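Participant: Let's see this in three dimensions:
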Amino acid sequence: MSDAPLLAQLGSERRHVLRTVDGLEDHQMRRSLVPSGWTMTQLLNHLAFDDEMFWISAVLGGDDRAIAGLHDGWASEPMTGTEAVAIYKLEIARSDEVLAAVDLDAPPRWWPPSQRVRRTTDGNWA
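Facilitator: Numbering: from 1, shown residues only. Next comes the predicted model:
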């Protein structure tokens, strides 16, 4: 099976997210409009750290930088919307480097040790 359709869909979803937040003011990015209390800034952090960094850079790529930087994206330090977009774009770029170099049919290069799989209440790995 070709990886092209999967990678095209991933690119489409990333562009959709970025189009959704394009032009929003910082106060709009940090305001919650949903019962969960999530903000657009928190959602971008989740996508950057819990999806791009964890699944692609750390698990698929075995990237030491990503593994060392793993944390709960929902619990990231407060930041501006502009900073959250920049971090998301940075992690996308790093993920794209990993995806260009790995065989998606190969087993993961890294998996968290069983004692690190659980996250603590402060958002860090335990």
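
Participant: Quick one: the helices in the chain, in order.
Facilitator: For the chain, applying DSSP state H gives helices covering 4-21, 26-29, 40-45, 64-69, 81-101.

Participant: Pick the most buried one from the ones you listed.
Facilitator: Highest mean neighbour count of these: helix 40-45, a mean of 23 (counted as mean count of other C-beta atoms under 10 Å). To be clear about C-beta, it is placed using only N, CA and C from the backbone, and glycine gets the same treatment.

Participant: That one packs against which elements?
Facilitator: helix 4-21, helix 26-29, helix 81-101 (3 or more C-beta pairs under 8 Å, 6 or more residues apart in numbering; DSSP states H and E).

Participant: Identify the residues contacting the longest one?
Facilitator: Going back to what we said before, that points to helix 81-101. 7, 14, 17-18, 21, 24-26, 28-30, 40-41, 44-45, 47-49, 52-53, 56-57, 60-61, 63, 66, 79 (C-beta atoms under 8 Å, 6 or more residues apart in numbering).

Participant: Identify the residue spatially nearest to Leu7, adjacent ones excluded.
Facilitator: Leu99 (6.4 Å; C-beta to C-beta, 6 or more residues apart in numbering).

Participant: show me the contacts for the residue most central in space within the chain.
Facilitator: Centrality entry for the chain: nearest residue to the mean C-alpha point is Ala48, 2.3 Å, by C-alpha atoms, centre = their mean. By C-beta under 8 Å, 6+ apart, Ala48 lies in contact with 73, 84, 87-88, 90-92.

Participant: How much space separates the nearest residue to Gly61 once chain neighbours are set aside from Pro107?
Facilitator: Spatial nearest neighbour of Gly61, excluding adjacent residues (C-beta to C-beta, 6+ apart): Val98 at 3.5 Å. Applying C-beta to C-beta, to the nearest Å, the value for Val98 to Pro107 is 15 Å.

Participant: what do you get for Ser114?
Facilitator: 17 Å.

Participant: Could you do Gly81 as well?
Facilitator: 37 Å.
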